[in-house]
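Peer 1: Quick check, what structure comes out for this input:
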Amino acid sequence: VQLQAFGGGLVQAGGSLRLSCAASGFTLGAYAIAWFRQAPGKEREGVSCIGSSGGFTYYADSVKGRFTISRDNAKNTVYLQMNSLKPEDTAVYYCAASRRCDLYGMDYWGKGTLVTVSS
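Peer 2: Purely as a prediction, here's the structure:
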């Protein structure tokens, strides 16, 4: 089971990025996928989660209205569209998988991708 987050980069405040979480070795469509982030010196934060069918979504208050999570099970990929980015969104972003959206109990973790938002 492998997950890989990619799509990070450097963007100016107010800009957009789309992160992708790709899976290999298992069918992503059977799992809920969550995005987390960790900024230097801060605790890891659960940002968003989507249920296996896409019918359930969760957003942290800090990103609600700016980030959108979606999935394309045919492509074995989950996306995090990030708009109106702020410097405080700067962090390493990770995706994780589990049978349901349980931000305290995700089973599989991928390597992160760095998002840097300049002011």
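Peer 1: CA only for contacts and neighbour counts going forward, please
Peer 2: OK.
Peer 1: any idea which residue sits dead centre in the protein?
Peer 2: Central residue of the chain (CA atoms, centre = their mean): Trp35, 2.8 Å from the mean position.
Peer 1: and the residue lying closest to Cys101 once chain neighbours are set aside, bridged to which residues?
Peer 2: Using CA to CA, 6 or more residues apart in numbering and skipping residues adjacent in sequence, the residue nearest Cys101 is Ala32, 5.6 Å away. Counting by DSSP bridges, Ala32 forms beta bridges with Ser98.
Peer 1: Look up how far Leu85 lies from Ala32.
Peer 2: 25 Å (CA to CA, to the nearest Å).
Peer 1: rewinding a little: so the residue nearest to Cys101 makes contact with Arg100?
Peer 2: Yes - contact criterion CA atoms under 8 Å: Ala32 and Arg100 qualify, at 5.0 Å.
Peer 1: Tell me which of the two has more neighbours.
Peer 2: Using other CA atoms under 10 Å as the criterion, Ala32 and Arg100 rank with Ala32 on top: 24 against 19.
Peer 1: Helices along this protein, start to end?
Peer 2: For the chain, no helices are identified by DSSP state H.
Peer 1: Can you show me the strands along it?
Peer 2: 2-6, 9-12, 17-24, 32-38, 45-50, 57-59, 67-72, 77-82, 91-98, 108-109, 113-118 (DSSP state E).
Peer 1: What lies in contact with stretch 74-82?
Peer 2: Contacts of stretch 74-82 with the rest of the structure, by CA atoms under 8 Å, 6 or more residues apart in numbering, involve 16-23, 27-29, 33, 35, 66-72.
Peer 1: what's the residue nearest to Cys101 in contact with, if anything?
Peer 2: Neighbouring residues of Ala32 by CA under 8 Å, 6+ apart: Cys49, Ile50, Gly51, Ser52, Ala97, Ser98, Arg99, Arg100, Cys101.
Peer 1: what stretches of the chain score poorly on pLDDT?
Peer 2: Regions of the chain meeting the criterion pLDDT under 70 are absent.
Peer 1: again, only this time at 80
Peer 2: Along the chain, the model assigns pLDDT under 80 to residues 1.
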